[in-house]
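K.L.:
pasting the structure only:
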């Protein structure tokens, strides 16, 4: 007897809805062959499993040999993706031959109240979901220079890569003498987000940015502060994935984003850093302006 498992959980500023089965799984080679046949890719293209499964969401795409009332027309999955993306969400597919397939829908918590941490980078304000934030540690200019260009920090013996939000969002102002690393928990591990200052915790209402910004995946929404300033609510998971995707694109000329790629980057940068560039464990996320 076949079994279908439905699950739902909260992750950062998103809700994850999973649909799993215990069937035969997806034949990645059959999907790849049909994609080549339809001209969606070339035979020598180096594709990850995630990239191969993405072909399933193409309109009219099907690996069925003949059309029936239940399958073969290639409709359904593309409609699901369009609907999910219209809600500023995403859909992922994972499959193992003989073990089954899992489809995960990631939907933002729009118009919901969340607990967050208000931070600044230059004159810009951002909100990080408190649920995905682990701690805040201090990063001095001297410690940053000792890292010899590697964006990694030694947090109590653990090498944690970090992303400078000043560089990511192209903030033109100069960095302060002492910055803060907000360590966040993502699906692929721990990562740091470097900000100028932590102003404290806050409860915010997530407001949708509108259709004009529906493709900006790293931002879950926005909120209006008490002084009328707009603060963007960041999605740490998406931000980390996008930063790694950009790094892999520069180094390999591709756009894969898999747990294996992420771990390779973490291990390589950590090995290059070694024991240098230690960052002391500062106080937890609390600061006043």
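P.N.:
The structure has been received and is ready for your questions. This structure is a prediction, so every number in the text was calculated from the model and none was measured.

K.L.:
And the closest residue to residue 224 other than its chain neighbours, how far from residue 194?
P.N.:
The shortest distance from residue 224 to any non-neighbouring residue, by CB to CB, 6 or more residues apart in numbering, is to residue 230 (5.9 Å). From N, CA and C alone the C-beta is placed, and that goes for glycine too. According to CB to CB, to the nearest Å, residue 230 and residue 194 sit 22 Å apart.

K.L.:
Please apply the same query to residue 126.
P.N.:
From residue 126 to residue 194 the distance is 12 Å (CB to CB).

K.L.:
Between these two, which contacts overlap?
P.N.:
Contact with both residue 126 and residue 194 is made by residues residue 165, according to CB atoms under 8 Å, 6 or more residues apart in numbering.

K.L.:
quick one on the thing from earlier: so which of residue 230 and residue 194 has more stuff around it?
P.N.:
A direct count of neighbours by other CB atoms under 10 Å for residue 230 and residue 194 places residue 194 higher, at 22 against 12.

K.L.:
All the helices of the stretch 101-250 of the chain, in order from the start?
P.N.:
Along the stretch 101-250 of the chain, counting by DSSP state H, counting those that start in this stretch, helices occupy 141-146, 165-168, 236-252.

K.L.:
Nearest to residue 131, out of the ones you listed?
P.N.:
helix 236-252 (9.9 Å; CB to CB).

K.L.:
for the closest one, which positions count as buried?
P.N.:
236-245, 247-248 (16 or more other CB atoms under 10 Å).

K.L.:
ditto for stretch 182-193
P.N.:
182-186, 188, 190-193.

K.L.:
Can I get those in JSON lines including pLDDT and distance to residue 22?
P.N.:
Shown next, in JSON lines, are these (pLDDT from 0 to 100; distance: CB to CB, whole Å):
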{"residue": "182", "pLDDT": "93", "distance to residue 22": "39"}
{"residue": "183", "pLDDT": "93", "distance to residue 22": "37"}
{"residue": "184", "pLDDT": "91", "distance to residue 22": "33"}
{"residue": "185", "pLDDT": "86", "distance to residue 22": "29"}
{"residue": "186", "pLDDT": "81", "distance to residue 22": "28"}
{"residue": "188", "pLDDT": "72", "distance to residue 22": "25"}
{"residue": "190", "pLDDT": "89", "distance to residue 22": "32"}
{"residue": "191", "pLDDT": "92", "distance to residue 22": "33"}
{"residue": "192", "pLDDT": "93", "distance to residue 22": "38"}
{"residue": "193", "pLDDT": "94", "distance to residue 22": "38"}
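
K.L.:
Determine which two of these are furthest apart.
P.N.:
182 and 188 (16.7 Å).

K.L.:
For the spatially most central residue of the chain, give me its contacts.
P.N.:
For the chain, residue 238 is the residue whose C-alpha lies nearest the centre (CA atoms, centre = their mean; 2.2 Å). Neighbouring residues of residue 238 by CB under 8 Å, 6+ apart: 217-218.

K.L.:
Distance of it relative to residue 223?
P.N.:
Relative to residue 223, and taking CB to CB, residue 238 is found at 17 Å.

K.L.:
Report how many residues lie close to the residue nearest to residue 127 when sequence neighbours are not counted.
P.N.:
Among residues not flanking residue 127 along the chain, residue 116 sits closest, at 4.1 Å (CB to CB, 6+ apart). For residue 116, the neighbour count with other CB under 10 Å is 25.

K.L.:
Export the buried residues of helix 236-252 as TSV, with columns for pLDDT and distance to residue 40.
P.N.:
TSV is the format used below for the buried residues of helix 236-252 (pLDDT from 0 to 100; distance: CB to CB, whole Å):
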residue	pLDDT	distance to residue 40
236	88	32
237	85	27
238	85	25
239	89	29
240	87	28
241	84	23
242	85	23
243	84	27
244	81	24
245	79	20
247	76	26
248	74	21
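
K.L.:
and which of these is nearest residue 20?
P.N.:
residue 237 (20.0 Å).

K.L.:
Please tell me I have it right and that closest one contacts residue 185.
P.N.:
No: look at residue 237 against residue 185 with CB atoms under 8 Å: they stay out of range, at 9.1 Å.

K.L.:
Find the residues that touch each one of these two.
P.N.:
With CB under 8 Å, 6+ apart as the test, residue 237 and residue 185 both reach residue 132.
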